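After the sequence you'll find the predicted model.
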Amino acid sequence: MPGDAVALARFLIGVTVVSASEDGRTSARIVETEAYLPGDAAAHSFRGPTARNRSLFLSRGHAYVYFIYGNHYCLNVSADRAGVGAGVLLRAGEPLEGKEIMRVRRGAVADEDLLRGPGRLAQALGIGRSHDGLDLCAAGPLWLASGSGAEAEIGVSRRIGLSKEIERPLRFFDRHSRVVSGPKRLR
DNA sequence: TCACTGATCGTCT
DNA sequence: GACGATCAGTGAG
């Protein structure tokens, strides 16, 4: 697994996330990510470890799940060595396994809307607080599997939804996927 | 397609 | 007590 958040954010495009729950198994191909770096004023880790963000400081490959705006969970992957606060936010994915389970969780929406956006992605995969801190490279309810092998053509833009560090080119996406979030000018 | 708004609540100041 | 790595709904162009 790559050694910093930018490399990991690029690496994760095309990788498969798999979630196994009581409802069944769901999986998706990751098509959009954002990197949050150490010393990045927009990152949750910026002010140092707290009870909420401590998973960002785990060694790379652990889940950081947080609850935002009173409604939504978002899934990140910790991205550096233990003690360094860095992560990659999973922003969008294409459904692979378990579309019907996703539709039960998300409602009867089009395939491309099932996991478009970080809150929707977490909801479709059934992710919540219990997934915080999991090792995504080990057996368990949530893990990362290798991608299809096909090399994705990766686009870069600024990140979405921030009030700080808004110009940094730290959002990465598959140029050929129709399933990416945010305003059209950023695709 | 874009702009704006309300919902809703955990976390940190 | 304010605000946030969001979303769904609404209305205008």
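Okay, I see it. Residues are numbered from 1 along each chain as shown, chains lettered A, B, ... in the order given.

From now on I want contacts and neighbour counts done on CA atoms only, so please keep to that.
Fine.

quick one, phi psi at the closest residue to residue A:48 other than its chain neighbours?
Spatial nearest neighbour of residue A:48, excluding adjacent residues (C-alpha to C-alpha, 6 or more residues apart in numbering): residue A:85 at 7.5 Å. When read as degrees, to the nearest 10, the backbone of residue A:85 gives phi -90, psi 100.

Now do the buried residues in the longest strand that chain A contains.
When chain A is parsed with DSSP state E, its longest strand is strand A:24-36. For strand A:24-36, a neighbour-count test (16 or more other C-alpha atoms under 10 Å) marks A:25, A:26, A:27, A:28, A:29, A:30, A:31, A:32, A:33, A:34, A:35, A:36 as buried.

Over to stretch A:46-57?
Applying 16+ other C-alpha under 10 Å to stretch A:46-57 flags A:46, A:49, A:53, A:54, A:55, A:56, A:57 as buried.

contacting residues around the first one?
So that's residue A:46. By C-alpha atoms under 8 Å, 6 or more residues apart in numbering, the residues touching residue A:46 are A:38, A:39, A:40, A:85.

give me that answer again for 6 Å
Residue A:46 makes contact with A:39, A:40, according to C-alpha atoms under 6 Å, 6 or more residues apart in numbering.
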